[in-house]
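Trainee: generate a structure from the sequence data that follows.
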Amino acid sequence: MDALRPVGRTLLRDRAYEALREAIVRGDLAPGAPLKDAELAERLGLSRAPVREALARLGDEGLVESKPQSFTRVTRPVSRIVRDAASVVRVMHELAARTGVPLLGPEGIRAMREANERFAAAVRASDVEAALNADDELHQVLVVASGNHAAAATIARYTPLIRRVERRLFGDAGSCGSAELHERLIDACEAGDAAEAVRVTTEIWAALEQLADDAVEVAEVTGIAGP
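Mentor: Prediction:
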């Protein structure tokens, strides 16, 4: 809860949504934690209305669950749901690679290499947060290049379900992926080889699907996940 800070007065619903989603993904609002709109509104410096709207949106995205007149709380990771989200995100990234590589210019390649440098440095420093952020930035270059807004929206919606499991349960950044795989992806992009870029993307996200699945299984054993 300490990560929640007052937000500005513009686009209050969206700002509340972003703040609450980040707190859930980071684990500041833990799985199973009760969510009281009055308390959250006070911490965010908002009225209750935008907070309620944000919680409803997070409910649609699987990060919050509620029962009328009973409770509203952060959902606990469920293996099937996390696996399904990871599969959908993988397919969207494959699509972004397939359509984005032919449209990717030198600036995009440079941005991917810079993101991978930050990723590698974060892995060496065992900084999970920085590693995952850099990983997202790297793959986002292809998503933006593809120009597919539906794919971008789908990735944005379902990635948090995966990332919160990683952040909570992975003890070091080495679990976040491989800088060498990223290099293979970037080399394929630079060569204009969309088919190879898709193959490497599949390899990256298929490994993540397994990691996420394993992480939820650990959570279920330790009591972090479950009904």
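
Trainee: ok, so what distance separates residue 157 from residue 92?
Mentor: As judged by C-beta to C-beta, to the nearest Å, residue 157 and residue 92 stand 10 Å apart. Yep, even glycine has a C-beta here, placed from its N, CA and C like the rest.

Trainee: between the two, which one's more packed in?
Mentor: residue 92 (25 against 17; other C-beta atoms under 10 Å).

Trainee: okay, now residue 106: neighbour count?
Mentor: So residue 106, with other C-beta under 10 Å, has 8 neighbours.

Trainee: do you know how far it is from residue 113?
Mentor: To residue 113, residue 106 is 11 Å away according to C-beta to C-beta.

Trainee: and for residue 139?
Mentor: As for residue 139, its distance to residue 113 is 13 Å (criterion: C-beta to C-beta).

Trainee: repeat for residue 190
Mentor: Residue 190 is 9 Å from residue 113, by C-beta to C-beta.

Trainee: what of residue 197?
Mentor: 14 Å.

Trainee: more neighbours: the two, which one.
Mentor: Counted by other C-beta under 10 Å, residue 197 and residue 113 do not tie: residue 197 has more neighbours, with 26 against 18.

Trainee: quick one: contacts for the more buried one?
Mentor: Applying C-beta atoms under 8 Å, 6 or more residues apart in numbering to residue 197 gives the contacts 97-98, 101, 142, 185, 188-189.

Trainee: quick check, residue 12 in contact with residue 50.
Mentor: Yes: with contacts counted by C-beta atoms under 8 Å, residue 12 reaches residue 50, the gap being 3.9 Å.

Trainee: any stretches of the chain with poor pLDDT?
Mentor: 1-3, 5-10, 168-177, 211-227 (pLDDT under 70).

Trainee: before we move on, what SS does the residue sitting furthest away from the middle of it have?
Mentor: Within the chain, the residue lying farthest from the chain centre (C-alpha atoms, centre = their mean) is residue 69, at 30.6 Å. Under DSSP: H, G, I helix; E, B strand; the rest coil, the three-state class of residue 69 is coil.

Trainee: same check, this time on the one 3 residues further on
Mentor: Classification of residue 72 using three-state DSSP returns strand.

Trainee: that one contacts residue 56, correct?
Mentor: No: taking contacts as C-beta under 8 Å, residue 72 lies outside contact range of residue 56: 9.6 Å.

Trainee: the strands in this structure, which residues?
Mentor: 64-67, 71-74 (DSSP state E).

Trainee: out of the ones you listed, flag the one nearest residue 36.
Mentor: Closest approach to residue 36 among the strands of the chain is made by strand 71-74 (7.5 Å; C-beta to C-beta).

Trainee: hey, C-alpha coordinates of that closest one in PDB?
Mentor: Provided in PDB are the C-alpha atoms of strand 71-74 (Å, rounded to 0.1, in the frame of the first residue of the first chain):
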ATOM      1  CA  PHE A  71     -16.100  -8.300  -0.900                       C
ATOM      2  CA  THR A  72     -13.700  -6.800  -3.400                       C
ATOM      3  CA  ARG A  73     -10.200  -8.100  -3.500                       C
ATOM      4  CA  VAL A  74      -7.100  -8.800  -5.500                       C
END
